[in-house]
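**Student:** Here is the input, now give the coordinates:
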Amino acid sequence: MGRSVERIDRDISELKLAIAAIADQLYHCYGQYLAALGQSVRQQLILASYYICTQSFPQAFLQLSFSQRQKLQQALLVVAKEAQHHLTQQLDPPGMTPLPPITAPLPVATEPEAFFNPEVAEAAPESADLPSKEIAELPELPQNTTPQPVTDPRELLQWQEHLEQAIAHTLRQVSLEVNRHLQQLEILPPRLPEPLLEMAVKTDAVTETVASPPNILDLTLDAIADLSSDKGDTEEISFLKALPLRIVAVHLRLAEIEFADATVKSWRNHIRSLSAQLSSLEGQYQRKQQERAIAAAEDAWRASWFDANALAENESRG
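**Tutor:** Residues are numbered from 1 along each chain as shown. A predicted model of the protein is given here:
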């Protein structure tokens, strides 16, 4: 016979306490991680933009007027600041109302910021009055909500998965927004179809043809399907046919950002360690649940078992 349901329930209660402790530690680690990541993303975004303007397309940048350069730099700083702010707002405690789907646009700061300088970007005054366009956001988290303790490992794993998806989504959308600014001033090819640029930034599996600096996408396409939504746009179609096509763009990659920042990398390592512990607890939890179901079924069988022969013997004796 197996163990009693009561004994198994005590084991499950102990596992739930361990899972709740992991949830608290994960929440703390992600808070520190996102704070460090936000600062690093802000810096890496500016450095990637600096590389595009001065190394990849210096002639295009020099063709801009002084005022245009300042406006571009201010716009990039706005995007960088909003990226930092939004990353730090991603975190909600496990057990709170789940985050809505990732679809709405990011709020954008409108105060003036300091002029662009990749060496002192972190020390620049945080102001700008240039609106940033169409960065997609993750909606603001619900306020004044009391989280419930998380004791189900599946719920905690779902919370972590959604948070990681939100981080990746923010990096993709910030990259696209920076590239739009660069396109508007014709530093990047202005007629490069946005679906193509978006595909390149969103697809991590693309193979780059040359070694590129961190967070820079540099690839050449030898063939491509017609992405034009308007078949009558002969200019865009002719541009697509002008192959091979080189694409250079900002592409923030989480792995490269973590590698370049010791603090971000350290907190990511803590998260990995906790995730491994959670995975082990999740396996134990599922096995205990199965063991409990078996024990409960055995108890139910014994409780309802009816032996007709034994009943007949008892009646004959009576």
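**Student:** lowest confidence element among the helices and strands of this protein?
**Tutor:** helix 234-241 (a mean of 54; mean pLDDT, DSSP states H and E).
**Student:** Touching the helix or strand following that one from outside, list them.
**Tutor:** Toward the C-terminal end, the helix or strand that comes next after helix 234-241 (DSSP states H and E) is strand 245-250. When contacts are defined by CB atoms under 8 Å, 6 or more residues apart in numbering, strand 245-250 is touched by residues 45, 48-49, 52, 56-57, 175, 178-179, 182, 188, 192, 196-197, 200-201, 215-221, 224. C-beta here means a position set from N, CA and C on the backbone, and glycine is covered the same way.
**Student:** So what are the sheet partners of strand 245-250 and their directions?
**Tutor:** strand 216-221 (antiparallel) (DSSP bridges).
**Student:** of the contacts of strand 245-250, buried ones?
**Tutor:** By neighbour count, with 16 or more other CB atoms under 10 Å, the contacts of strand 245-250 hold 45, 48-49, 52, 56-57, 175, 178-179, 182, 188, 192, 196-197, 200-201, 215-219 as buried.
**Student:** V5 contacts A295, correct?
**Tutor:** Yes: V5 is in contact with A295 according to CB atoms under 8 Å; the separation is 4.8 Å.
**Student:** More neighbours: these two, which one.
**Tutor:** A295 (19 against 16; other CB atoms under 10 Å).
**Student:** contacting residues for that one?
**Tutor:** Taking CB under 8 Å, 6+ apart, one finds 2-5, 8 in contact with A295.
**Student:** Pipe those residues into a markdown table and attach pLDDT and secondary structure per row.
**Tutor:** Shown next, in a markdown table, are these (pLDDT from 0 to 100; DSSP: H, G, I helix; E, B strand; the rest coil):
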| residue | pLDDT | secondary structure |
| --- | --- | --- |
| G2 | 64 | coil |
| R3 | 80 | coil |
| S4 | 89 | coil |
| V5 | 91 | helix |
| I8 | 93 | helix |
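**Student:** from these, which is closest to E282?
**Tutor:** Of all those, I8 has the smallest distance to E282: 16.9 Å, by CB to CB.
**Student:** so what's that closest one closest to, chain neighbours aside?
**Tutor:** R292 (4.5 Å; CB to CB, 6 or more residues apart in numbering).
**Student:** and the one you found, how many residues sit next to it?
**Tutor:** Neighbours around R292, by other CB under 10 Å: 19.
**Student:** What average pLDDT does the strand or helix carrying it get?
**Tutor:** If you go by DSSP H and E, R292 is part of helix 262-304. For helix 262-304, the mean pLDDT works out to 94.
**Student:** Looks like D218 contacts S212 (just checking).
**Tutor:** Yes: using CB under 8 Å, D218 is in contact with S212, at 3.9 Å.
**Student:** Tell me, how many residues neighbour L15?
**Tutor:** 19.
**Student:** Kindly apply the preceding question to T151 instead.
**Tutor:** By other CB under 10 Å, neighbour count at T151 equals 19.
**Student:** and what of the one 3 residues further on?
**Tutor:** Each residue near R154 was counted by other CB under 10 Å, and the total is 11.
**Student:** what does Q183 give?
**Tutor:** Neighbours around Q183, by other CB under 10 Å: 17.
**Student:** do the same with the one 10 residues further on
**Tutor:** The burial count assigned to P193 is 19, neighbours taken as other CB under 10 Å.
**Student:** likewise Y50?
**Tutor:** So Y50, with other CB under 10 Å, has 18 neighbours.
**Student:** that older thread, can I have the buried ones of the contacts of A295 as a PyMOL selection?
**Tutor:** For anyone working in PyMOL, the buried entries among the contacts of A295, judged by 16+ other CB under 10 Å, can be selected with:
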select buried, resi 5+8
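**Student:** Which of the contacts of A295 sits closest to E155?
**Tutor:** Using CB to CB, those come closest to E155 at I8, 20.7 Å.
**Student:** Surely the closest one and A293 touch.
**Tutor:** No: counting by CB under 8 Å, A293 is not a contact partner of I8; they are 9.5 Å apart.
**Student:** where's the residue lying closest to L185 once chain neighbours are set aside, which helix or strand?
**Tutor:** With CB to CB, 6+ apart as the criterion, L185 has its nearest non-adjacent residue at 5.6 Å, and that residue is L72. Assigned by DSSP H and E, L72 belongs to helix 66-88.
**Student:** Which is the succeeding secondary structure element to that helix?
**Tutor:** Next element after helix 66-88 (DSSP H and E): helix 153-184.
**Student:** other SSEs contacting that following helix?
**Tutor:** helix 5-51, helix 66-88, helix 194-202, strand 245-250, helix 254-260, helix 262-304 (3 or more CB pairs under 8 Å, 6 or more residues apart in numbering; DSSP states H and E).
**Student:** Which one, of these, ends up nearest to L163?
**Tutor:** helix 5-51 (6.5 Å).
**Student:** got the CA positions of the helix or strand that the closest one is followed by in PDB?
**Tutor:** Following helix 5-51 in sequence order, the next helix or strand is helix 58-62 (DSSP H and E). Extracted as PDB, the C-alpha positions of helix 58-62 are listed here (Å, rounded to 0.1, in the frame of the first residue of the first chain):
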ATOM      1  CA  PRO A  58      29.100  58.900 -42.000                       C
ATOM      2  CA  GLN A  59      28.400  60.800 -45.300                       C
ATOM      3  CA  ALA A  60      24.700  60.600 -44.700                       C
ATOM      4  CA  PHE A  61      25.100  62.000 -41.200                       C
ATOM      5  CA  LEU A  62      27.400  64.800 -42.400                       C
END
